[in-house]
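Pasting the sequence and the predicted coordinates here, then a few questions.
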Amino acid sequence: RFGWEILRIPNVNYMDVQRYILYNFDDTAELTLPAVPDISLERFDDIDYKRTIIINPYSNFLKITDSRIFDTLTDYLSLQGFIVYTNTTKNQTALKGSRRLECSLEELYGLCKRVKLVVSLRSGIIDLMIHSGGNFIVLYPDETYWDKIFRQAYTLTAWRTKNKIYEYLLKEEDEIMLKAEEI
């Protein structure tokens with residue numbers, strides 16, 4: 001019914017496209033957010049949630065050429081006394097200086113609710129996790145024109161959750177560090 005060119009209009013995001021164009025809802029309509037069941041996190045009993053930060057540097061969709069911000073964050077947060085975990089799958093490696101976290105989506109959701117902060121490259125996993133109630137710093141690449149459109153089109157604030165979500169470009173390293181310190 002519409003072309004993707006609509007996302008070139010300033011301040012239009014994909015959630016608005018769904019809300020207003022696809023479903024003809026007004027601004028008061030709330031989109032249904034994913035419901036993830038509570039499951040046992042007993043195997044993570046050794047995690048000190050108040051001092052734990054999860055970093056998710058991987059995305060199957062977005063590719064970045066410079067991932068140094070994740071190494072810098074890991075070093076910085078570790079020096080501040082935090083325990084940093086890297087969310088991984090079997091084929092991925094943990095960031096240097098962090099602990100490997102390999103878990104189900106349901107477990108990750110439960111962990112995101114409890115840990116101090118989640119820092120992630122924008123990925124589909126975050127669409128599910130942002131409803132958990134956690135604190136999120138989400139990073140977007142800014143290397144191409146498409147990256148800029150993608151950030152506008154898929155901003156997480158459009159979900160209108162009650163989570164604290166802060167979105168930055170990868171190159172905004174100083175702002176990212178200040179926000180991580182503040183949280």
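Yep, it's here. Numbering: from 1, shown residues only.

residue boundaries of the helices in this protein?
Taking DSSP state H as the test, the helices found in the chain are 14-16, 68-79, 105-114, 124-129, 145-153, 173-182.

Using PDB, write out every CA atom in the third one.
Output for helix 105-114, consisting of C-alpha atoms alone and laid out as PDB, is shown next (Å, rounded to 0.1, in the frame of the first residue of the first chain):
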ATOM      1  CA  LEU A 105      15.800 -15.600  24.900                       C
ATOM      2  CA  GLU A 106      13.600 -16.200  27.900                       C
ATOM      3  CA  GLU A 107      16.600 -16.200  30.300                       C
ATOM      4  CA  LEU A 108      18.000 -13.100  28.600                       C
ATOM      5  CA  TYR A 109      14.700 -11.300  29.100                       C
ATOM      6  CA  GLY A 110      14.700 -12.200  32.800                       C
ATOM      7  CA  LEU A 111      18.300 -11.100  33.100                       C
ATOM      8  CA  CYS A 112      17.600  -7.800  31.400                       C
ATOM      9  CA  LYS A 113      14.900  -7.000  34.000                       C
ATOM     10  CA  ARG A 114      17.400  -7.500  36.800                       C
END
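
Buried residues in that helix, which are they?
Within helix 105-114, the residues that count as buried by 16 or more other CB atoms under 10 Å are 107-113. Placement of C-beta: from N, CA and C, glycine included.

Which two of those residues have the greatest separation?
Greatest spatial distance in the buried residues of helix 105-114: 107 and 113, 10.9 Å, computed using CB to CB.

burial of residue 122, as a residue count?
The tally of other residues near residue 122 (other CB atoms under 10 Å) stands at 23.

How about residue 43?
By other CB under 10 Å, neighbour count at residue 43 equals 9.

Touching, residue 151 and residue 172? I think so.
No. Assessed by CB atoms under 8 Å, residue 151 is found out of contact with residue 172, at 11.6 Å.

Comparing the two, which residue is more hemmed in?
Neighbour count, other CB under 10 Å: between residue 151 and residue 172, residue 151 has more, with 20 against 16.
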